[in-house]
Structures are given as structure tokens and as C-alpha cells.
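Novice: my questions are about this predicted structure, shown below with the sequence.
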Amino acid sequence: MRASCRNPGAKTSAAVAARRIVADSIGVTDAAGPLLYVTPTDPALATGGRAKLSRLHQSLLHDLLGDGFHRLVLPSRGPNPVAAILRGQIDGIDAASLSALSDRIAGHRIERIFLDGSNLGSAARAIKRRHPAVRVITFCHNVEARFFLGALRASPTPRSLAVLAANLNAERAAVRASDMIITLSDRDSALLQRLYGRGADAVLPLAIEDGYRRDALPPPRSPAPTPYLLFVGGGFYANRDAVRWYADRVAPRLAIETMIVGHGMEQCPPAPGITLVGAVEDLAPWYAHALAVVAPIRDGSGMKTKVAEALMFGKRIIATAEAFSGYAPSVVVANRQCDDPASFAAAISEACGDPPPGFDPAIRLLYDRFHAPAVARAGLAAIISA
């Protein structure tokens, strides 16, 4: 069978230019009135790629709006199962939190709401009923229905089915009630269109804070200076599936160790050639001293933070099409896309035989161009000014 490792060059993005908002400047006034950012993510406590993006968006919006920026963190109490399934009231949305939200809107004369996730659709619906003049902007971290369908397939239990139903109802409400829908990628926009009859009004790709440090020391649990490959990700279903596939189908072909770093990943089954590190306090040393980054993701939605992080650290990436979803063609061309075990192993063997730079400025430039905070700031400025 022919290997499927590709470096597509001439292939163009499926971007829909009319839906991609680009800012002409990074300044914005708060002439449209105060904005309330509503999130289920406590910025001081949450971890993971979604939480990192949420914190960045909050910081950038506060920088843009100053005293015109307000935040409401939803309570962490569990949902009522009936309300969750039938009305999509999840992630802290219930009668009490909706009342508190309405009071904040009235008390601070809020004119714009920024919902941190399409899972908050029941809030969008309630806002438009009680405060029809308030402009509702919903940022979709994933297409939640697609994400939780994958989780259901990975663990087909009654609870997984209920979670999918709740998120489907919440997301449907978000798409119907919001004045503006933002997705991370054109793929997610197209899927919203297929599921709910409406795509995104703007595409704002993933961005992350710059955590690169030139002075990062080797991580204490790595075999440095022995070369190693790095996989980074938390213990949700798509990452566990990726590690299982990689350990079964790719790692046995390799003569190099692969470090699996991320909260909960130490619970993956042990396998030859795989070191299960689990959570670490600082990712920078692990990226800095890796030969390359692997991302054998085969399912999911949204964009994969691990790819943007690797770009930030100037690291070569060997990954599947799913891992590269939402990234510009130039990102794929600069790295290696491989979707079967033989081509994945071949790309890794090539990197071992001709090691890439420990820090590649050309790869880092892709982060600066597409995924740095300044890029997200410009996009948010345009979105809230629209």
C-alpha cells in the first residue's frame, strides 16, 4: 500500500473569505458599549488548551476595552439532568445563574455579551428573550455535538449519550440565538452549517501566549541528552486514542523513545518505546529538548493546541490531517502530514537520520504570523467593532 505522508503545497485552503474578519488595526474603541464575557472557566484554576485560549481572549478583550470589559464566571455546580438534556442548561447555566446574568446586564448597562463556548447556548437564548437589544457573540471552541459524538463512540454509555444530547441542544440554541458566531476553522463553520443551517460569521484561529524561553533546561524526568519525541495532550478520548494507535502501530517501528506529557496521560496502557510522563509544571523544557513533536490525532473538533505550541517552540511536527485541521497550508508544508503507520514511522526515521534544528526560526515564524496574541488581538478588535 502506498504511503500517505504528504507535504501539500499548491493545495489551497477551504477558507471562505467573506467570513474571515481581518482587522486593519489593533486598536478599537468601546463606543458600542460595555461587553460582558461569560465563561464556565475560572481563569485562576482551569488548565488545558481551551482554558489557555479563554484566558488569552479575556486578557486581550480587557486590553482592548479597559473599563468597558466585564466578566462573569459561571458557578461550577453540576447541572440538573432533565434541564441539561431537554434545555441544554449545562456548564453552570441554571435558573439562578441566568437571573444573575440578567442582573449584571441591567446593572452595568451591558450592550454586548461574549459567550465562551457554544455549550452556553441556553444563556444566549435567555439573553435574547430578556434583553433583545443586547448583541450576543458566541465563540465556538469546538463543534460540541461533533466532539461529544466522538466521546460517545469511544465510550458508548448512557451518560455519554446524555452529555451529547445536552450539548447538542445547547449548541443549537447558541447558533439560533447569537448575533455573531465565531469558529476556530472553516471546517467547524461548515459543520455548523450542516447541523444547524448556519455557519460562522467570523473565523478566528487558535492563538496561545508565548511561552518560549531560550534558557529552558532539560526536563528532570527526560533521558536528555538522549533524543526523544514528544506528544503533549490531556487525557480526553481523542488523545488517548492517538496514543493507543501510535503505541500499537508506530512505536514498534522506531528506535527512539516517545514522551507522553499531559494531565491524565500517565493512565494510558504502558508500551515499549513509550514513556508515560503525565502532568508537568512547565512544558517549555520538554518542547525545547525534543527532537520533534508527534501528533497522531485521529478524531476531534476545533484546533489542536499542541500544534500551535510546537510552532511557538520552533519544533518540527509530524502529525495527521486531523491534528493539522484549521492550520494554514504553509504550516503543513513546513512540517510532515502522515496518516498511516508506515509513513508516520518513515517521517520519524528521516528526522532521526537528519535531525531538524533544535529551534527552527522558519517554523517559529509561522506561530508569529498566525497564532501569536497580536494576531488574535487584531481579530477580536475587528469582531467586537463589527
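Specialist: Cool, got the structure.

Novice: from here on, just use CA atoms for contacts and neighbour counts.
Specialist: Noted.

Novice: my guess is Gly264 meets Val280, correct?
Specialist: No. When contacts are counted by CA atoms under 8 Å, Gly264 is not listed as touching Val280 (10.8 Å).

Novice: can you find the helix or strand in this protein with the smallest mean pLDDT?
Specialist: Lowest mean confidence among the helices and strands of the chain (mean pLDDT, DSSP states H and E): helix 81-87, at a mean of 71.

Novice: continuing past it, what's the next helix or strand?
Specialist: Toward the C-terminus, helix 81-87 is succeeded by helix 95-107 as the next helix or strand (DSSP states H and E).

Novice: now do the next helix or strand after that following helix against helix 95-107, angle only.
Specialist: On the C-terminal side of helix 95-107, the nearest following helix or strand under DSSP H and E is strand 112-116. Relative orientation of strand 112-116 versus helix 95-107 (axes from the mean of the first three to the mean of the last three CA atoms, to 10 degrees): 150 degrees.

Novice: what comes up buried for the very next helix or strand once past strand 112-116?
Specialist: Moving toward the C-terminus from strand 112-116, the first helix or strand encountered (DSSP H and E) is helix 121-130. Neighbour counts over helix 121-130 (16 or more other CA atoms under 10 Å) mark 121-128 as buried.

Novice: what about the longest helix in this protein?
Specialist: helix 158-177 (DSSP state H).

Novice: distance between that helix and the chain's centre?
Specialist: Using CA atoms, centre = their mean, to the nearest Å, the mean C-alpha position of helix 158-177 is found 19 Å from that of the whole chain.

Novice: now the strands for the stretch 201-350 of the chain?
Specialist: Taking DSSP state E, counting those that start in this stretch as the criterion, the stretch 201-350 of the chain contains strands spanning 202-203, 228-232, 257-261, 274-278, 292-295, 317-319, 336-337.

Novice: tell me the spacing between Asn169 and Val175.
Specialist: Look at Asn169 and Val175: by CA to CA, to the nearest Å, they are 10 Å apart.

Novice: what does Leu98 give?
Specialist: With distances defined as CA to CA, the gap from Leu98 to Val175 amounts to 18 Å.

Novice: looking at the two, which one has more neighbours?
Specialist: Using other CA atoms under 10 Å, the more surrounded residue of Leu98 and Val175 is Val175, with 25 against 19.

Novice: pretty sure the more buried one contacts Arg194?
Specialist: No. Counting by CA under 8 Å, Val175 sits too far from Arg194 to count as a contact (11.9 Å).

Novice: what residues are up against the residue lying closest to Phe148 once chain neighbours are set aside?
Specialist: Nearest in space to Phe148, with sequence neighbours left out and distances taken as CA to CA, 6 or more residues apart in numbering, is Leu164 at 5.2 Å. For Leu164, the contacting residues are 145, 148-149, 152, taking CA atoms under 8 Å, 6 or more residues apart in numbering as the criterion.

Novice: before we move on, what about Thr275?
Specialist: Taking CA under 8 Å, 6+ apart as the definition of contact, the neighbours of Thr275 are 257-260.

Novice: just the C-alphas of stretch 38-48, formatted as CSV.
Specialist: As requested, C-alpha coordinates have been extracted for stretch 38-48 and formatted as CSV (Å, rounded to 0.1, in the frame of the first residue of the first chain):
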residue,chain,number,x,y,z
VAL,A,38,-19.4,34.9,30.2
THR,A,39,-17.4,31.8,30.8
PRO,A,40,-17.6,28.5,32.7
THR,A,41,-13.8,28.6,33.1
ASP,A,42,-12.3,30.1,36.2
PRO,A,43,-9.2,31.7,34.8
ALA,A,44,-7.2,31.1,38.0
LEU,A,45,-7.9,27.4,38.2
ALA,A,46,-8.5,25.8,34.8
THR,A,47,-5.9,24.1,32.8
GLY,A,48,-5.7,22.7,29.2
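
Novice: buried sites along that stretch?
Specialist: Residues of stretch 38-48 classed as buried: 38-42 (neighbour count, 16+ other CA under 10 Å).

Novice: re the thing from before, C-terminal to the longest helix of the chain, what's the next element?
Specialist: For helix 158-177, the succeeding helix or strand toward the C-terminus, using DSSP H and E, is strand 180-183.

Novice: centre of the chain to that following strand, how far?
Specialist: Taking CA atoms, centre = their mean, one finds the center of strand 180-183 at 15 Å from the center of the full chain.

Novice: show me what it is packed against.
Specialist: The elements that strand 180-183 packs onto, with contact taken as 3 or more CA pairs under 8 Å, 6 or more residues apart in numbering; DSSP states H and E, are strand 135-140, strand 202-203.

Novice: what's the first one in contact with?
Specialist: Residues external to strand 135-140 that are found in contact with it (CA under 8 Å, 6+ apart): 111-118, 124, 127-128, 174, 177-184.

Novice: tell me how far the residue nearest to Ala295 when sequence neighbours are not counted lies from Glu350.
Specialist: The shortest distance from Ala295 to any residue that is not its chain neighbour, by CA to CA, 6+ apart, is 4.5 Å, and that residue is Ala319. Using CA to CA, one obtains 14 Å as the distance from Ala319 to Glu350.

Novice: more crowded one of those two?
Specialist: A side-by-side neighbour count of Ala319 and Glu350, using other CA under 10 Å, places Ala319 first with 24 against 11.

Novice: any regions of the chain where pLDDT drops low?
Specialist: Residues of the chain meeting the criterion pLDDT under 70: 1-32, 46, 82-83, 86, 222-224.

Novice: look up how far Asp188 lies from the residue nearest the centre of it.
Specialist: Centrality entry for the chain: nearest residue to the mean C-alpha point is Met303, 4.6 Å, by CA atoms, centre = their mean. As for Met303, its distance to Asp188 is 9 Å (criterion: CA to CA).
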